[in-house]
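Asks: Got a predicted structure plus its sequence, pasted below:
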Amino acid sequence: MKGKIIAIIFLLNFAFSLTLNAQWARTYGTSEDEHAYFIKQTNDGGYIVAGKTGDYLFEDGHSVPPGQDIWVIKLSSDGEIEWQKIYGDAGTDEVHFIQQTNDGGYIFGCRIEYNGVLSNFSIIKLFPDGDIEWQKNYADDSANNSAYSLQQTSDGGYIVAGSDFFSPQINDILILKLFSDGSVEWSKTYRGSLDELPHSIQQTIDGGYIVAGRTNSYGAGDYDAWILKLAPDGMIEWQKTYGGSESDSAYAIQQTSDGGYIVAGQTDSFGAGLLDFWVLKLSSEGDIEWNKAYGGSSVDLAYSIQKTFDGGYVVAGETQSFGAGYGDFWILKLNISGDIEWQKTYGGHQNEEASFIQQTNDGGYIVAGSTDTYGAGKRDFMILKLFSNGDINSSCEFINDSNAGVFDTVFSPVDTNVDPDYPDILYVDMDMTPRESEAVVYSLCSGPRTLSLSATTGGTTNPQPGTYVYDYAERITMSTYTDNGYNFIGWSGDVISTDRLISITMDSDKSIKANFSENILDELWEEVKKTPCFIATAVFGSPFHPYVITLQNFRDRYLMSSRAGRKLVNLYYKYSPHIAELITNHKAIRSVVRIWLMPMVALGYSMVHFGPVKTSLMLLLTFMPPFFFVWFYRRRNKGINIVSYTNGK
């Protein structure tokens, strides 16, 4: 019996240790602009993420047409990529949600600029591996439209909320009920005289639907939150606006266990700052049970809310009132009455924005959004797996507590009186093919990294030369300032570039130097920079050959920075065109010169990438063994000859 108890305790400790190791923080990106809008835990304990990516550069150097595409990534429970695909046509394509379906596949709604026409409402159904099962484009007589929210319904079909777009200031709410194959069961629009947009739709326990968004046609202010309760056939059961004299919006809604609803959005009418988080608890009839604004002195934007296992709620968005940077992830854990249990910011010195949060099966949370501070490109997906208290691990230095003000707001909802219209929706099959992608992944919370920054005489850097400590995968921008009488030559060390402004990712300790040289005639410098290496170009066949580029970098970095080097360059450009012409016309000479140039290419590469000290050491290690061998051989032979001479005597 005692042995069984010990075994049980061991298993419990092992399971607990796995839970502890399950928290993580990662970025996923390319050199372009990415943003994750939606994440959901999947049946296997992993996650499905949907967002956007900018122009994507393939390995062969050819990029997709201009615009942005939809990026879907399937992750394991620990954040490892299982598959990743890009979906889109020429133009700007965007997605705001994705869901796993009952058959183990996935479905997302999006806006696609298909075949070069204006954007249209599109639904794409995926197999479990991300390949397309079916894809349809939906349109009526509006200029274009877009899908914002989707949920699989209890009958295996889908309910979709989107917009009909007539001008930049006039949209209507468009609701489609689809069969499981994507064909239209019914469609309705809900419109006023101005602008209406939906942000969230959910099926309710009575088989109907609840829609949350905003309206500019009704209510007390500029924009008001607009909640519509629909019957299973889309007819309106009740409709109300919520807000004050300024702009207020609802971005997320869920039905609660008591049959009411929890709503999250943004308010400019109430609270402390310019815009604040706004949470409303409604009864099943849309009456207000409580509502609160949360925020600081600046802009705070709530995009997602979820019920939690303890009966409370968790809210996610962006704060500019608290945190380390221009904007940070902001997460509030509320109790059942809307009081704050804990609140935290997540981010670095730039901008981070959380778009969606979900409580996971282990009681923690998964959060998706974007980061400008960390990662590979201009902006990357940022995914956080949190403990139930909002922490990740002790090495995550980008987590901070905040101190939001909480404000009870007082207003009365206003009933609206909209009757649905019945648009004729046409849908066509599309024939897009998903493309493979190759994300660069950084695991955050991996400890600090050190940057040693220096500069030669003739200029300085921003930040100033010195030693700095940054978070792992933090992106740093550096620039140079040149003194009068000097030129900036380029960066050396762990970064090789001639650009004055560079961005790097701190994925390791780095040592970087900014190099300057005394002024030479501007005309000569500009002429040299745009002039190819004639002899190397003739030998290797192209001014863009990697070996030619290496020799040019060596020329610019080391020869042009000294008087003797500049004289040598001038002499080279005086005679090399004639030599290059001779090389071009004689294959045998070209082969001989190629062999002669290879050691120079190797030397140039080493000097540019490793610097003169390391290059000298490598040369020493390269030539010392044969020199020692020759010396030893000659000494040995000399000894043998002496012995032979003596014996002969």
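Replies: Yes, it's here. Residues are numbered from 1 along each chain as shown.

Asks: how far away is residue 319 from residue 476?
Replies: Here the criterion is CB to CB, to the nearest Å. By it, residue 319 lies 23 Å from residue 476. Placement of C-beta: from N, CA and C, glycine included.

Asks: What of residue 492?
Replies: Taking CB to CB, one finds residue 492 at 17 Å from residue 476.

Asks: The two: which is more packed in?
Replies: residue 492 (24 against 19; other CB atoms under 10 Å).

Asks: What's the mean pLDDT across whatever helix or strand that one lives in?
Replies: Residue 492 is part of strand 486-493 when elements are defined by DSSP states H and E. Computed over strand 486-493, the mean pLDDT rounds to 86.

Asks: Next, the contact list for the closest residue to residue 348 other than its chain neighbours, please.
Replies: In space, and not counting its chain neighbours, residue 348 is closest to residue 373: 3.1 Å by CB to CB, 6 or more residues apart in numbering. Neighbouring residues of residue 373 by CB atoms under 8 Å, 6 or more residues apart in numbering: 325, 347-352, 398, 471, 474-475.

Asks: per-residue confidence for residue 373?
Replies: pLDDT recorded at residue 373 is 95.

Asks: Phi, psi for it please.
Replies: phi -80, psi -40 (degrees, to the nearest 10).

Asks: I'd say residue 367 and residue 356 touch.
Replies: Yes. Using CB atoms under 8 Å, residue 367 is in contact with residue 356, at 7.2 Å.

Asks: Residues that sit against both of those two, list them.
Replies: Shared contacts of residue 367 and residue 356 (CB under 8 Å, 6+ apart): 39, 316.

Asks: pLDDT at the most centrally placed residue in the chain, what is it?
Replies: Nearest to the centroid of the C-alpha atoms of the chain, with distances taken as CA atoms, centre = their mean, sits residue 380, at 1.2 Å. Here the pLDDT value assigned to residue 380 is 96.

Asks: So it belongs to a strand, correct?
Replies: Yes. Residue 380 sits within a strand when classified using DSSP: H, G, I helix; E, B strand; the rest coil.

Asks: need the contact list for it.
Replies: Neighbouring residues of residue 380 by CB under 8 Å, 6+ apart: 27-29, 34, 370-371, 374.

Asks: how near is the residue nearest to residue 495 when sequence neighbours are not counted to residue 454?
Replies: Among residues not flanking residue 495 along the chain, residue 512 sits closest, at 5.1 Å (CB to CB, 6+ apart). Distance of residue 512 to residue 454, computed by CB to CB: 8 Å.

Asks: Would you confirm that residue 30 contacts residue 377?
Replies: Yes. Between residue 30 and residue 377 there is a contact under CB under 8 Å: 5.4 Å.

Asks: any shared contact partners between these two?
Replies: residue 440.

Asks: name the element the nearest residue to residue 501 once chain neighbours are set aside belongs to?
Replies: Of all residues not flanking residue 501 in the chain, residue 479 sits nearest, at 4.7 Å (CB to CB, 6+ apart). Element membership of residue 479, judged by DSSP H and E, is strand 475-482.

Asks: Tell me which other helices or strands that strand touches.
Replies: Judged by 3 or more CB pairs under 8 Å, 6 or more residues apart in numbering; DSSP states H and E, strand 475-482 is in contact with strand 448-455, strand 459-462, strand 486-493, strand 502-505, strand 510-518.

Asks: Apply 6 Å and report the result again.
Replies: Counting contacts by 3 or more CB pairs under 6 Å, 6 or more residues apart in numbering; DSSP states H and E, strand 475-482 packs against strand 459-462, strand 502-505.
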